[in-house]
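> coords please:
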Amino acid sequence: MDTAADIRWQPNEVECCTVLQPRGPLDAVTYRRFAAELVKYVVEQPRAVVVCLDELTVCSETALTAFTSARLRTADWPAVPIVLVARGDALRQRLVRSAIRRFLPIHASVPAAVAALADPPLRRRVDLTMALTADTGPRVRRFVDEVCTDWAIAGTSGDAQVIATEFVENAYQHGIFAEIADIDVHLEYRNDLLTVAVADPDPHEAVLLETEPEPSGRRTHGLHMVAGLAAAWGCAPRWPSGKIVWATLPTARPRQLG
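Purely as a prediction, here's the structure:
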């Protein structure tokens with residue numbers, strides 16, 4: 001029996017942060033699903049995700065790895081802070097004594113957690129929704145090239161187009177069977193990194209598949225090509241369903257945003 005449904009989330013917004021108050025048991029059965037659900041809130045890119053733990057029944061310290069798992073999965077992108085709040089002294093001391101304190105900050109209240117946040121890095125972002133058809137790839141490449149030129153990082157455009165094309169083709173191949181109508185293309189520029197991301201409603205995770213390498217030993221197709229070009233890449237679930245596949249590229253001409 002999947003008891004992950006016993007976790008009930010109560011999201012609210014405070015100063016551009018998503019504040020969650022999950023209720024239910026966090027244990028060996030629920031922690032994987034819990035981590036995946038937490039990631040969904042992070043990829044929405046609020047200022048931070050603040051998790052209040054007082055209504056959550058943490059059955060073991062091992063179950064707390066759900067939080068570190070979510071943090072590590074989103075550290076490269078979208079790099080949104082995850083912050084824990086424990087109003088009760090006993091729970092807070094339990095967290096402070098655990099290994100989780102090395103990965104996530106712990107506060108006594110939501111206002112204290114929000115006040116301690118650093119200013120987020122400056123970023124540029126543009127989103128485009130496209131119908132998923134056989135010619136979506138060329139349209140996405142033109143979109144990526146135009147944005148990179150506008151942001152004065154044209155030297156990154158070639159690799160970004162390759163990655164975007166692979167993401168779109170992956171969505172198209174699976175979308176034929178899943179009847180996917182539209183995809184969302186996201187480009188983001190921050191901290192001298194360009195992020196290329198494609199989201200679709202198919203919940204199946206994008207994974208590297210074994211392919212025959214070239215004589216040189218390199219694999220130059222599909223997500224293997226993405227992994228070879230990108231500084232980091234990954235796949236995350238989205239609300240209410242679906243996934244977003246992303247990759248980050250160092251920009252050829254670093255510049256400050258202003």
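
> CA atoms for contacts and neighbours, from now on please.
OK.

> any idea how this protein splits into domains?
Taking the TED database as the domain assignment, the ranges for the chain are 8-116, 124-250.

> and Leu249, how many neighbours?
21 (other CA atoms under 10 Å).

> cool, and Ala160?
Neighbours of Ala160 using other CA under 10 Å come to 28.

> with Pro138 instead?
Pro138 has 14 nearby residues by other CA under 10 Å.

> return the helix or strand in the protein with minimum mean pLDDT.
Using mean pLDDT, DSSP states H and E, the weakest-scoring helix or strand in the chain turns out to be helix 157-178, at a mean of 85.

> and the domains of the chain, which one's lowest on average pLDDT?
Lowest mean pLDDT within the domains of the chain: domain 124-250, a mean of 87.

> tell me the contacts of Ala99?
By CA atoms under 8 Å, 6 or more residues apart in numbering, the contact list for Ala99 is empty.

> distance of it relative to Pro25?
In this structure, Ala99 lies at 20 Å from Pro25, with CA to CA, to the nearest Å as the measure.

> before we move on, what about Ile106?
Look at Ile106 and Pro25: by CA to CA, they are 20 Å apart.

> got it, and Pro81?
The gap separating Pro81 from Pro25 is 23 Å, by CA to CA.

> likewise for Thr195?
Distance, Thr195 to Pro25, by CA to CA: 35 Å.

> can you check Val19 too?
Distance of Val19 to Pro25, computed by CA to CA: 19 Å.

> looking at the two, which one has more neighbours?
The residue with more neighbours, out of Val19 and Pro25, is Val19; 25 against 21, by other CA under 10 Å.

> quick check: bridge partners of that one?
Following DSSP bridges, Val19 is listed with bridge partners Asn12, Val50.

> who touches it in this structure?
So Val19 contacts Gln10, Pro11, Asn12, Glu13, Val49, Val50, Val51, Cys52, Val110 (CA under 8 Å, 6+ apart).

> swap in Leu229?
Contacts for Leu229 were tallied using CA under 8 Å, 6+ apart; they are Asp159, Ile163, Leu249.

> just put those in TSV and tack on distance to Tyr189.
What follows is these, written out as TSV (distance: CA to CA, whole Å):
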residue	distance to Tyr189
Asp159	15
Ile163	15
Leu249	10
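
> helix/strand/coil for Val29?
Put simply, Val29 is coil when judged by DSSP: H, G, I helix; E, B strand; the rest coil.

> measure it to Arg238 for me?
Per CA to CA, Val29 is found 21 Å from Arg238.
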